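>>> sequence and predicted structure, then a few things I'm wondering about:
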2 protein chains.
Amino acid sequence: MTLRLRNPDREVEVAGARRVREVLADLAIDPDTVLVIRDRTLLTREDVVGEDDLVEIRPVISGGSDGAPRRRHRSGSGPRCRRCRAPAVIELRRHNSSFCQPCFVHHVHEQVRRAVKDHRMFDPEDRILVAVSGGKDSLALWEILLGQGYRATGMYLGLGIGDYSDRSGSVVRAFAEERGAELLHVDLRQEYGFDIPTAGAKGSRSTCSVCGLSKRYVFNRVALDHGFDVVATGHNLDDEAATLLGNTLRWQTEYIARQYPVLPEREGMVKKVKPLHRLSERETAAYAFLQGIDYVVEECPLVAGNTQLRYKDALNHLEAGSPGTKASFYLGYLDRAADRFRDADAAAAAALVPCERCGQPTTGRFCAFCRARAQMLGERLGAPRPDQVAAELSDETLPVEIYGR
Amino acid sequence: MTLRLRNPDREVEVAGARRVREVLADLAIDPDTVLVIRDRTLLTREDVVGEDDLVEIRPVISGGSDGAPRRRHRSGSGPRCRRCRAPAVIELRRHNSSFCQPCFVHHVHEQVRRAVKDHRMFDPEDRILVAVSGGKDSLALWEILLGQGYRATGMYLGLGIGDYSDRSGSVVRAFAEERGAELLHVDLRQEYGFDIPTAGAKGSRSTCSVCGLSKRYVFNRVALDHGFDVVATGHNLDDEAATLLGNTLRWQTEYIARQYPVLPEREGMVKKVKPLHRLSERETAAYAFLQGIDYVVEECPLVAGNTQLRYKDALNHLEAGSPGTKASFYLGYLDRAADRFRDADAAAAAALVPCERCGQPTTGRFCAFCRARAQMLGERLGAPRPDQVAAELSDETLPVEIYGR
C-alpha cells in the first residue's frame, strides 16, 4: 500500500492490510486532524486499507497533523450513521457520533442554520458578501449559503503571494463559474500599491497581521461601496478557539469582547458574521471534500511561525486528551463569559473617529490600514493634506472586477 | 561526562566538553523546565561541562521536562547578575535576566514581599498555618516566611501514599527540627478513616480531586480549631496558570472568580493566601536548592494522567515559544479580568449553608468532603442523625500531633 501524505508531501509504503486507525497510530498522526481518502472516498478509522491502495492523508487543521494517537476506539465492525444507521463515512469524536455522507451534509447545514438563527446573522433578502480565499472554509461557506438560497456574492482579494495566490484565484473563479455565482475581485497591489510579501518584508507588523488587517479593511470598504448588508467570513470553531486562546492568555479584554460570531453594523463598519463558528476545521474540510468542492489544500507559504498556529497546536493537544475542549471553550465563552467583556468593546466603540486619511472609523488620527500602508510605501502621514483627504473621502467607490454578473 | 537524569531516573554518557545549552538541546530538554546541578552548584546555560563531570538534570515543572530546545541564547562569556554583575547562577528568560545566588534569593524574597503587601495577605502578628507537603514549593514558602520573621507554623497531612508519604513526612519533620519550627501533623486515615490510594480506587472522584478536597477541608478545619488567622499554601505561578487555563477552557465562572491569591475569611472558612503566586516553579525549585532545603523531588506516584499536568504541558509549550506567557496569563487575569467574574463567587458565597454532617459551609445538605468520605466508607448520608451531628458539630477540636512546641 502506498500512502500519500500531504503537508509534508511524501509517499510512504505500508505493508499488508490494516485498519486506518492502526496506520495513523504508526505514523503518530492524530485522526482528528486529517481526512483519509481513497478513490475519492472518505475512510473512517475502522476501514481497512490493503496492498494495492493509494491512500491520501490530507491534513485539515492548520498547524500540521502531528499529535498523540488516539487511545480509545471502537472494535468490531465499522461505525454506523447516528441518524440513519447506514455505514458511516466520518466520525466526529467531539459529538461522539458518526455520519453517512447525506446525513453529514445535513448536519453541517443544520449547524450553519442554527448559527444564522441564534445570532440573527442575516435574512433571505439581505445581500451577503462572502470573503473567499480559495481555502476549504470560505468556499464551503459560499456553497452552503448558495445552497440555502441566500443572495451570496463572493469576493476574492488578490494578495500577491506568487503561485499560491494565482492558484487560489483560479480555484475561486472556477467555483463561481461552475455555479453561476457572482464574484468580485480586488487586487491589493493594483488598488493600494503593495502586496503581502512586500508588507511582511518592509512593515513593522508581521506578515499575518498586515494580511488580516488588509482583508478586514478592503472587504469592509467594498461591502460599503457596493451596498452589501453583511460580510460573511469562513472562520471555523478551531479558528475562533485559537484566537480566543491567544486573546485570553493576554487578557486583551477589548479583543475578547469582539470575538463574537456577529459584529453589528456601526458608522462606517458593515455588519460581520461567522456562520461556520459551530463547525470544526475537520468538519468543513470533510464537507468541502464530500461536496466535490475543489479547494487549495496547502497552507499559505508565509504562515510559518504564525502564533495562531501555536495556539491551534496547543488546543489540538488538549482536544486529543479531552474531546470537546475547543467547542466548550469557544461556545462556553459565548454562553457564559462574553457578556462580562461587553463593556470593553463598548468603550472602544465610543472612542472611534474617522481616519483623517480614508474616513474609516479608528481610535487615532489615522486608521491602522492607512498607517501600515504609508509605512510600506515610505509615505509620511503627517498633517492632513485637505486635497488628498477630500479625494480619499469622496464618494468614489473602489473599483472591482466583477465575474458572473 | 555522565549525566544523571531524574524523572525518568537514568544516566547517559556525553562525550567531550560542551555548553549546558548544547547538552540540553541534544536531549530535547527545555532549559526552562530543569535545574542543572554539578557539585551542589547550579549551572547556567552557558556553563561548560566536561569529561569527568557528574551532572544532575533535575526537572522542576510537574509534567516532565520535555519540550522544544531554545533557539535564542547568548553567545560569548557566561551571563552576569542583573543586580550586581557577578557571575550568574540562574537565568530567568521570562524576566530576561540572570542572578547570582545572593541576588536571586533577594529577588525571591522581594516577590513574596510584594505578593503579601499587594494582596494584604497577613501582618507580622498574624498566626499563619503553612500547608506543607514536603515538596519544594511549600517548604520554600515556610522557609521564606520564617526568614521574614512571620509566625509560621507548618502542618503536614499524612495522605497514606506508601513510601512517598513516608519520605514526605520525614523531610517535613527534619525541616522543622532543623529550624526549631512548630509543626502540626494530622493523619487522614487515623482521623477520617480513609487514605488517598483507597479514595482513588473506591470513590467516584479522581484521586487528585479527592486529595485536593481533603487537604482544603482538613487544613481549614485545623486552622479554625487552633485559632490560626490564615492558611498559606505553596501554589506557584505555574500552578495558578494551569488551574486558570483549565477553568477558562470550560468557562467555569465560579472557579475563575475564586482563583485569587487571597480568599477572604467567611463564616466557617479561614482566610487562604498564596504568597508564591508571582514565582515560577523553576524559581521556587532553584530557591529551595540554593538554600539547601531538602525536599522530595519526585512527583506523587498517583499523579499520572492528571489533567492539571496536561494544562501545564500546554502552557510550557506556549511559554517556550513566547517567554512570559504564563505570567501575563495569570497576573493579567488578576489585573484586568478578575473583577469581571467577582459576582459569580459572590452568588456562590451567598448560597452557603452549614453541612448537616460537619457544619462546614457548603451549597447542598452535605459538604463535598463528607459526601466523598461517606462514599469511601460505604456509609449513607441520609437524614441527619441528631446524635451524630451533635458530636461532629461539637466544639471538640480535631486532634493533631504537635512537633517542636
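Nice, thanks for sending it over. In this text the structure is predicted, and so the values were computed from the model without any measurement.

>>> tell me the spacing between A:Ile57 and chain B.
For A:Ile57, the distance to chain B equals 24 Å [Cβ to the nearest Cβ, to the nearest Å]. Using the backbone N, CA and C atoms, a C-beta is placed for each residue, glycine as well.

>>> what's the burial count for that residue?
Applying other Cβ atoms under 10 Å in any protein chain shown, we find 23 residues neighbouring A:Ile57.

>>> from the contact counts, what lies against the helix or strand containing it?
Assigned by DSSP states H and E, A:Ile57 belongs to strand A:54-59. Here strand A:54-59 touches strand A:2-5, strand A:34-38, going by 3 or more Cβ pairs under 8 Å, 6 or more residues apart in numbering or on different chains; DSSP states H and E.

>>> tell me the mean pLDDT for the longest strand along chain A?
The longest strand of chain A (DSSP state E) is strand A:151-158. Strand A:151-158 shows an average pLDDT of 97 in the prediction.

>>> picking that back up, the strand holding A:Ile57 to strand A:34-38, inter-axis angle?
Inter-element angle recorded for strand A:54-59 and strand A:34-38: 160 degrees (by axes from the mean of the first three to the mean of the last three Cα atoms, to 10 degrees).

>>> tell me which helix or strand comes right after strand A:54-59.
For strand A:54-59, the following helix or strand on the C-terminal side (DSSP H and E) is strand A:90-92.

>>> neighbouring contacts of that next one?
For strand A:90-92, contacts defined as Cβ atoms under 8 Å, 6 or more residues apart in numbering or on different chains pick out A:31, A:42, A:44-45, A:79, A:97-99, A:104, A:280, A:282-283, A:286.

>>> what residues does the stretch 301-405 of chain A put near chain B?
Counting by Cβ under 8 Å from any Cβ of the partner chain, the positions of the stretch 301-405 of chain A adjacent to chain B are A:307, A:310-311, A:313-314, A:317-318, A:321-322, A:325, A:328-329, A:332-333, A:335-337, A:340-341.

>>> whichever of those end up buried, select them in ChimeraX.
This is how ChimeraX selects the buried members of those, with burial counted by 16 or more other Cβ atoms under 10 Å in any protein chain shown:
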select /A:307,310,311,313,314,317,318,321,325,328,329,332,333,337,340,341
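
>>> just give me the closest of the contacts of strand A:90-92 to chain B.
A:Ser280 (15.7 Å; Cβ to the nearest Cβ).

>>> ok, the closest residue to the closest one other than its chain neighbours - contacts?
In this structure, A:Ser280 finds its nearest non-sequential neighbour in A:Leu237, 4.9 Å apart by Cβ to Cβ, 6 or more residues apart in numbering or on different chains. For A:Leu237, the contacting residues are A:Leu276, A:His277, A:Arg278, A:Leu279, A:Ser280, A:Glu281, A:Lys326, A:Ala327, A:Tyr330, A:Leu331, by Cβ under 8 Å, 6+ apart.

>>> any chance of a markdown table for those, columns neighbour count?
Output for those, formatted as a markdown table (neighbours: other Cβ atoms under 10 Å in any protein chain shown):
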| residue | neighbour count |
| --- | --- |
| A:Leu276 | 29 |
| A:His277 | 25 |
| A:Arg278 | 22 |
| A:Leu279 | 26 |
| A:Ser280 | 26 |
| A:Glu281 | 26 |
| A:Lys326 | 26 |
| A:Ala327 | 18 |
| A:Tyr330 | 27 |
| A:Leu331 | 18 |
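
>>> greatest separation within those: which pair is it?
Across the contacts of A:Leu237, no pair lies farther apart than A:Glu281 and A:Leu331, at 15.2 Å, counting by Cβ to Cβ.

>>> the closest residue to A:Ala337 other than its chain neighbours: neighbour count?
Spatial nearest neighbour of A:Ala337, excluding adjacent residues (Cβ to Cβ, 6+ apart): B:Trp251 at 4.8 Å. B:Trp251: 22 surrounding residues under other Cβ under 10 Å.

>>> just say helix, strand or coil for B:Trp251.
Using DSSP: H, G, I helix; E, B strand; the rest coil as the criterion, the local structure at B:Trp251 reads coil.

>>> so it touches A:Phe329, yeah?
Yes - taking Cβ atoms under 8 Å as the definition, B:Trp251 is a contact partner of A:Phe329 at 7.4 Å.

>>> get me the contact residues on chain A for chain B.
When proximity is defined by Cβ under 8 Å from any Cβ, chain A lies next to chain B at A:248-251, A:253, A:307, A:310-311, A:313-314, A:317-318, A:321-322, A:325, A:328-329, A:332-333, A:335-337, A:340-341.

>>> again, 7 Å this time
Residues of chain A found near chain B (Cβ under 7 Å from any Cβ of the partner chain) are A:248-251, A:253, A:310, A:314, A:317-318, A:321, A:325, A:328-329, A:332-333, A:336-337, A:340-341.
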